[in-house]
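1. Provided below for reference: sequence and predicted model.
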Amino acid sequence: AVAGAVLIWQGAVFLAPIVAVAMVFGRKPRTGAAILLIAAMLVALFAWNYPGPLTYLSFGRFQPLFLALWAGLLFLAAVPRWGIALASGAGLAAAFLWSPIADGVRHLLSASTSEGLAAGGYDASPKEWLQLIFEYRPLFHAGLEGPLSELSGGLLLVPAVAAVWGYRFWARPHERARLALPLIATLAVGAMVVSQRRYVYYFAVMVAVTLAAAVIAVARSVPRGKWIAAGMVVLALAPTVRSLGRQTHIAAAAGEDVFWTLETLAALDPPSVDPRRLGAIAPGDEPGVLAPWSLGHLVTLLTGRPAVADNFGYGFERQSWVYTAPPAEDREVERKLEGWNCRYVITADLDAVSDAYARAVGHADVPSDLRFVNRIHRSRSSRPLEFLELVLVSRSGSRMPDGSFLPRLKVFRVGARAEAAAKGASEGKGRSAASPELAQVIAGRFSSEDS
């Protein structure tokens, strides 16, 4: 299970110290050492030759080494007379972990949005970016309803069950071996998920275990306990019905139109290089696309072009600066886009997040209606700026108060260089971003009159 969790997400190595501490308190260090050693070997089969820096943020050799390290410490802990060896092992562990831990602390505490941690193999993520990501928020940031729908009513039983486990662990030494792992895992993962909801998937296991423990205890100790236990299960699962409905709603949301827009762009102007070789292309060789960072991976996947900003936070400040730039900086926007070899700019209604974008790059004083993305996206002109030409709009959108249609996404071609490239694509492939089919798509939704 530990190996599977790490192979799914490299950050799941946090399970290693939880298992190690639980096995020490449960007086089963040899068992814990065997578990972690097997996990290390399984992960090493896939990760050992995987390229990447030696950090917990990158999948590679760090994960099997980290698991093996904890396995070794548990093995030393199983032999009390090896006190010196245990101290030496702890020293080696500290030496091995110091660099990634120090980088991680700097990463979390960094107040600068542009500070790079090149030595650790990654860039510090801007706090303004992290605040926009739902999974980085506390579990109860929006109240109790959401967590209950995801984790079931068993969430309400966790404190009581953990308290009972804690009392028994303290008062009944003979039960420590059985209770150590569920108690420590529940407390550790619970603290993590309360801080950041991205650990909710791991905490779901703890909630299920505590719910099962409560149901079994009631069934065994209360008259007609089986009926009461069955009722507890039904009541606990009731809040999750809404969550299932929400997932169905999300699956049927308008995301399909995003796919259509990006796939259409790729068909109208295919990349010059096989997208499967995109990772081997030198930066800047293939013209890219500036889109909201949350679309970055889809842009790369569906258009075959590099994204200026992506879902890992790279380029967040670039896209934030462009999208929130005032009219006085339009020339600088053009210069930056050409410098990044950006062929297309995708705009959308970013009102919900543009304030955070503006704060991240010093544009907080720019009024919302004067920010680049709002001026361009809401303009009714096919050429809102001399270096931008509208070439594609999404099929879905919203009706404005004046009755006009505002597409969900608009795609603009950048500068004369992009126009020449599009013309070449038209001559070589028979279709271009200015094809009659596309003009027909735009004409049905968009007026060419200036705003």
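-> Now that the structure is in, tell me what you want to look at. Numbering: from 1, shown residues only.
2. Quick check: M41 touching P64?
-> Yes: shown here, M41 and P64 form a contact pair, counting by CB atoms under 8 Å, at 7.4 Å. Heads up, the C-betas are built off the backbone N, CA and C, glycines and all.
3. Look at those two and report which has more neighbours.
-> Taking other CB atoms under 10 Å, M41 and P64 do not tie; P64 has more neighbours (22 against 14).
4. So what's the predicted local confidence for that one?
-> On the pLDDT scale, P64 is placed at 87.
5. swap in V205?
-> 90.
6. Tell me which helix or strand comes right after the helix or strand containing R220.
-> Using DSSP states H and E, R220 maps to helix 200-221. Using DSSP H and E, the helix or strand that directly follows helix 200-221 along the chain is helix 225-237.
7. Which other helices and strands does that next one contact?
-> Applying 3 or more CB pairs under 8 Å, 6 or more residues apart in numbering; DSSP states H and E, one finds that helix 225-237 contacts helix 200-221.
8. mind exporting the helix it packs on as CSV, just the C-alpha atoms?
-> Only the C-alpha atoms of helix 200-221 are listed here, as CSV (Å, rounded to 0.1, in the frame of the first residue of the first chain):
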residue,chain,number,x,y,z
VAL,A,200,-8.4,14.5,1.9
TYR,A,201,-7.9,11.3,-0.2
TYR,A,202,-5.6,9.8,2.5
PHE,A,203,-7.8,11.0,5.4
ALA,A,204,-10.8,9.3,3.7
VAL,A,205,-9.1,6.0,4.7
MET,A,206,-8.8,7.1,8.3
VAL,A,207,-12.5,8.3,8.4
ALA,A,208,-13.6,4.9,7.0
VAL,A,209,-11.5,3.1,9.7
THR,A,210,-12.8,5.2,12.5
LEU,A,211,-16.4,4.8,11.3
ALA,A,212,-16.0,1.0,11.1
ALA,A,213,-14.5,1.0,14.6
ALA,A,214,-17.4,3.0,16.0
VAL,A,215,-20.0,0.8,14.2
ILE,A,216,-18.4,-2.4,15.5
ALA,A,217,-18.2,-1.1,19.0
VAL,A,218,-21.9,-0.1,19.0
ALA,A,219,-23.0,-3.4,17.4
ARG,A,220,-21.2,-5.4,20.1
SER,A,221,-22.0,-3.4,23.2
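9. list the buried ones in that helix?
-> 200-204, 206-207, 209-211, 213-215, 218-219 (16 or more other CB atoms under 10 Å).
10. Which residue is the nearest non-sequential neighbour of V308?
-> Computed as CB to CB, 6 or more residues apart in numbering, the closest residue to V308 that is not its neighbour in sequence is L290, at 4.2 Å.
11. my guess is that neighbour meets Y344, correct?
-> Yes: counting by CB under 8 Å, L290 touches Y344, with 7.1 Å between them.
12. Now do the contacts for the residue nearest to V308.
-> L290 is in contact with 307-309, 318-319, 322, 337, 340, 342, 344-346, counting by CB atoms under 8 Å, 6 or more residues apart in numbering.
13. ok, now A180?
-> By CB under 8 Å, 6+ apart, the contact list for A180 reads 22-23, 25-26, 28, 169.
14. Stretch 383-392 spans what distance, first to last residue?
-> 12 Å (CA to CA, to the nearest Å).
15. who wins for neighbours among the contacts of A180?
-> M23 (26 neighbours).
16. Break down the stretch 1-150 of the chain into its helices, ranges please.
-> 2-8, 15-25, 29-47, 62-77, 83-109, 127-130, 145-151 (DSSP state H, counting those that start in this stretch).
17. who does the first one touch, helix- and strand-wise?
-> Meaning helix 2-8. Under the contact criterion of 3+ CB pairs under 8 Å, 6+ apart, helix 2-8 touches helix 15-25, helix 29-47, helix 62-77.
18. same thing with the third one?
-> Helices and strands touching helix 29-47, as assessed by 3+ CB pairs under 8 Å, 6+ apart, comprise helix 2-8, helix 15-25, helix 62-77.
19. Tell me the buried residues in stretch 296-305?
-> In terms of neighbour count (16+ other CB under 10 Å), stretch 296-305 has its buried residues at 296, 298-300, 302-305.
20. Could you export it as CSV, CA atoms only?
-> Output in CSV follows, covering the C-alpha atoms of stretch 296-305 (Å, rounded to 0.1, in the frame of the first residue of the first chain):
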residue,chain,number,x,y,z
GLY,A,296,-1.7,25.1,-19.4
HIS,A,297,-1.6,21.3,-19.6
LEU,A,298,-4.6,21.1,-21.9
VAL,A,299,-2.9,23.7,-24.2
THR,A,300,0.2,21.6,-24.5
LEU,A,301,-1.8,18.3,-24.9
LEU,A,302,-4.4,19.5,-27.4
THR,A,303,-2.5,22.1,-29.5
GLY,A,304,0.9,20.5,-29.4
ARG,A,305,2.4,23.8,-28.4
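21. Not counting its own residues, what contacts that stretch?
-> 258-259, 262-263, 265-266, 270-271, 273-275, 278, 286-289, 291, 306-312, 314-315, 343-344, 346.
22. Mind doing that once more with 6 Å?
-> Counting by CB atoms under 6 Å, 6 or more residues apart in numbering, stretch 296-305 makes contact with 262-263, 265-266, 271, 275, 288-289, 291, 307, 309-311, all of which sit outside it.
23. are any of these buried, and which?
-> Here, 16+ other CB under 10 Å leaves 262, 265-266, 271, 275, 288-289, 291, 307, 309-310 buried among the contacts of stretch 296-305.
24. Mind picking the lowest-pLDDT entry from these?
-> Lowest confidence among the buried ones among the contacts of stretch 296-305: P275, with 63.
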